[in-house]
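Colleague: structure of the sequence below:
(one chain, ligands or ions: 1)
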Amino acid sequence: MANDLFNSFMNGPDEKGRFGIFGGRFVSETLMPLILSLEEEYDRAKDDPTFWAEMDDLWKHYVGRPSPLYHAERLSAHLGGAKVYMKRDELNHTGAHKINNVLGQILLARRMGKTRIIAETGAGQHGVATATVCAKFGLKCVVYMGAHDVKRQAPNVFRMRLLGAEVIPVTSGRGTLKDAMNDALRDWVTNVKDTFYCIGTAAGPHPYPALVRDFQSILGKEVRWQLAEQEGEGRLPDTLIAAIGGGPNAIGLFHPFLDDKSVNIIGVEAGGKGVDDRMQHFASLTGGRPGVLHGNRTYLLQDEDGQIQEGFSISAGLDYPGIGPEHSWLHDTGRAQYVSITDKEALEAFQLSCAMEGIIPALEPSHALAHVMKIAPELPSDHIIVMNMCGRGDKDVFTVAKHLGFDMSDTEEGRSFED
Ligand SMILES: *Cc1c(COP(=O)(O)O)cnc(C)c1O
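Modeller: Numbering: from 1, shown residues only. The predicted structure is shown next:
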């Protein structure tokens with residue numbers, strides 16, 4: 001479909017923060033000055049080589065970048081088609097891609113002279129990454145987390161507390177991520193002077209979707225030169241695949257390739273128990289429709305009255321009832337394709353990655369891998385797929401054990417999966 005808004009897919013958003021009809025800035029007047037000063041500071045930082053030099057230094061020495069681009073040879077042979085590469089962002093400090101974005105936002109906060117960082121978190125991963133970087137820089141950290149999630153994600157709550165963060169359980173609404181984000185926005189308005197809101201997803205009012213994307217774009221930029229190094233100068237991936245919660249890891253991988261028309265781009269949403277009208281999924285694009293939430297217009301899971309729906313997924317990190325506005329735009333323009341993968345399919349991919357590659361993946365990238373498993377066998381051996389292995393699975397082994405019927409309490413008796 002025509003892309004008549006920008007002459008390049010990489011130029012979005014426009015000056016009003018819109019990607020086509022998506023994105024924008026739907027915020028109260030009290031929030032507006034905060035958003036504008038953030039935008040101003042970000043515009044300055046973005047063009048400042050000293051800002052990026054500091055990022056590069058921390059990415060290298062604190063996070064462990066660049067993460068490897070790894071040819072999954074046994075997995076590729078097993079699937080019998082395309083050549084599959086994994087972008088190994090699960091090897092980052094804190095075990096996922098989230099820290100790429102958090103580092104950028106905290107450096108921005110420091111430039112703005114802010115001393116108190118607030119964040120929202122669902123499964124706790126973004127909260128842990130934020131608490132980590134705050135500890136490193138000696139900043140006060142307050143994390144809003146739905147009361148329901150606080151109960152479900154006790155290990156991450158403890159991690160955040162060890163790292164010195166204050167975790168505030170949110171009891172409004174259903175006590176999940178959406179409610180935590182609302183409370184964080186309220187806190188921000190109340191504590192204008194010293195507070196910076198570090199958003200974990202590629203959504204929210206402009207400029208958040210753009211700046212989160214820019215910080216995560218290190219993923220795609222690395223893939224570009226790493227693939228050229230391994231496959232020859234100028235060789236681009238044929239297909240990119242990434243899992244989508246709110247969209248940061250996916251947009252970070254995709255963005256540097258948006259204008260390379262030969263590159264197929266596929267985002268994978270959480271299909272939970274199946275994308276139908278039972279709402280037991282978190283596939284905002286495949287099962288939702290446009291609306292406004294958290295300051296931007298985008299595809300949302302909502303009922304007929306526009307009430308936000310809570311879906312279901314085996315993967316706690318994918319349960320955001322919306323999606324970053326840039327993905328909505330890429331979807332509607334046809335530049336990227338969006339599919340969904342069920343819990344069952346993700347569990348199969350999880351086990352295959354363990355068995356074939358010795359990599360225990362998080363359940364989120366297991367969704368991306370499950371889609372690789374679907375399409376790779378039909379593709380020729382010179383077709384290169386790059387999937388984002390955006391997180392490691394240590395956090396998920398208990399969930400997986402439960403679903404596979406493995407009783408953790410029995411391990412002392414020497415039981416194993418084979419018994
Ligand atoms: C948070 C998280 C996700 C969610 O994906 P987004 O990049 O937020 O869309 C996926 N994988 C892992 C490992 C995560 O921690």
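Colleague: how about the residues of the stretch 51-200 of the chain near the ligand?
Modeller: Counting by C-beta under 6 Å from any ligand atom, the stretch 51-200 of the chain comes close to the ligand at 96, 98, 125. All C-beta spots, glycine's among them, are computed from the backbone N, C-alpha and C.
Colleague: for the residue nearest to the first one when sequence neighbours are not counted, give its distance to the ligand.
Modeller: Right, the one you point to is residue 96. Once flanking residues are discounted, residue 96 sits nearest to residue 391: 3.6 Å by C-beta to C-beta, 6 or more residues apart in numbering. Note on residue 391: its distance to the ligand, by C-beta to the nearest ligand atom, to the nearest Å, is 2 Å.
Colleague: among the residues of the stretch 51-200 of the chain next to the ligand, which one has the most neighbours?
Modeller: Highest neighbour count within these: residue 98, with 28 neighbours (other C-beta atoms under 10 Å).
Colleague: need the contact list for that residue.
Modeller: 125-126, 128-129, 200, 248 (C-beta atoms under 8 Å, 6 or more residues apart in numbering).
Colleague: next one: residue 201
Modeller: 126, 212, 245-248, 320, 324.
Colleague: then residue 42?
Modeller: 108, 207, 211 are the contacts of residue 42 under C-beta under 8 Å, 6+ apart.
Colleague: any chance of those residues in TSV, with neighbour count, pLDDT and secondary structure too?
Modeller: What follows is the contacts of residue 42, written out as TSV (neighbours: other C-beta atoms under 10 Å; pLDDT from 0 to 100; DSSP: H, G, I helix; E, B strand; the rest coil):
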residue	neighbour count	pLDDT	secondary structure
108	21	98	helix
207	23	97	coil
211	24	97	helix
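Colleague: so which of the residues you listed comes closest to residue 292?
Modeller: Lowest distance from residue 292 to the contacts of residue 42 (C-beta to C-beta) belongs to residue 207, with 17.2 Å.
Colleague: could you find the closest non-adjacent residue to the closest one?
Modeller: residue 39 (4.6 Å).
Colleague: in a strand, that neighbour, correct?
Modeller: No: under DSSP: H, G, I helix; E, B strand; the rest coil, residue 39 falls outside any strand and is assigned helix.
Colleague: that one: how many residues sit nearby?
Modeller: So residue 39, with other C-beta under 10 Å, has 18 neighbours.
Colleague: how about the contacts made by the residue in the stretch 151-300 of the chain that the ligand sits nearest to?
Modeller: Distances between the stretch 151-300 of the chain and the ligand by C-beta to the nearest ligand atom are smallest at residue 245, namely 3.0 Å. Contacts for residue 245 (C-beta under 8 Å, 6+ apart) come out as 122, 201, 270, 282, 317-320, 364.
Colleague: go on, residue 256?
Modeller: Contacts of residue 256 by C-beta under 8 Å, 6+ apart are 10, 217, 220-221, 223-224.
Colleague: low pLDDT regions in this structure?
Modeller: 1-6, 410-419 (pLDDT under 70).
Colleague: any idea which strand is longest in it?
Modeller: strand 264-272 (DSSP state E).
Colleague: please name every helix or strand in contact with it.
Modeller: strand 239-244, helix 248-254, helix 284-287, helix 325-333, strand 337-342, helix 343-357, helix 363-375 (3 or more C-beta pairs under 8 Å, 6 or more residues apart in numbering; DSSP states H and E).
Colleague: 10 Å instead, please
Modeller: When contacts are defined as 3 or more C-beta pairs under 10 Å, 6 or more residues apart in numbering; DSSP states H and E, strand 264-272 packs onto strand 239-244, helix 248-254, helix 284-287, helix 325-333, strand 337-342, helix 343-357, helix 363-375, strand 384-388.
Colleague: gap between the longest one and the chain center?
Modeller: Put plainly, it is helix 343-357. Distance of helix 343-357 from the chain centroid (C-alpha atoms, centre = their mean, to the nearest Å) equals 20 Å.
Colleague: buried residues in it, which are they?
Modeller: Within helix 343-357, the residues scored as buried using 16 or more other C-beta atoms under 10 Å are 343, 345-354, 356-357.
Colleague: does that helix reach the ligand?
Modeller: No: using C-beta under 6 Å from any ligand atom, no contact is recorded between helix 343-357 and the ligand, whose separation bottoms out at 11.4 Å.
Colleague: also the third one?
Modeller: No: judged by C-beta under 6 Å from any ligand atom, helix 284-287 makes no contact with the ligand; its nearest approach is 10.7 Å.
Colleague: give the buried residues for that helix.
Modeller: 284-285, 287.
Colleague: can you pull the contacts of residue 364?
Modeller: Residue 364 makes contact with 96-97, 123, 125, 242-245, 249, 268, 270, 313-318, 346, 388-391, 393, 396 under the criterion C-beta atoms under 10 Å, 6 or more residues apart in numbering.
Colleague: whoops, residue 50 was the one
Modeller: Here residue 50 is in contact with residue 111 (C-beta under 10 Å, 6+ apart).
Colleague: may I have the helix or strand harbouring it as PDB, with CA atoms only?
Modeller: Taking DSSP states H and E as the criterion, residue 50 maps to helix 49-58. The C-alpha coordinates for helix 49-58 follow below in PDB (Å, rounded to 0.1, in the frame of the first residue of the first chain):
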ATOM      1  CA  PRO A  49      27.700  12.800  19.700                       C
ATOM      2  CA  THR A  50      28.700  12.900  23.300                       C
ATOM      3  CA  PHE A  51      25.300  11.500  24.300                       C
ATOM      4  CA  TRP A  52      25.800   8.500  21.900                       C
ATOM      5  CA  ALA A  53      29.400   8.100  23.000                       C
ATOM      6  CA  GLU A  54      28.300   7.700  26.600                       C
ATOM      7  CA  MET A  55      25.600   5.200  25.400                       C
ATOM      8  CA  ASP A  56      28.100   3.200  23.400                       C
ATOM      9  CA  ASP A  57      30.500   3.000  26.400                       C
ATOM     10  CA  LEU A  58      27.800   1.700  28.700                       C
END
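Colleague: list of residues touching the very next helix or strand once past that helix?
Modeller: Note on helix 49-58: by DSSP H and E, the next helix or strand toward the C-terminus is strand 69-71. For strand 69-71, contacts defined as C-beta under 10 Å, 6+ apart pick out 83-88, 91, 222-227, 229-231, 237, 357, 359, 384, 386, 389.
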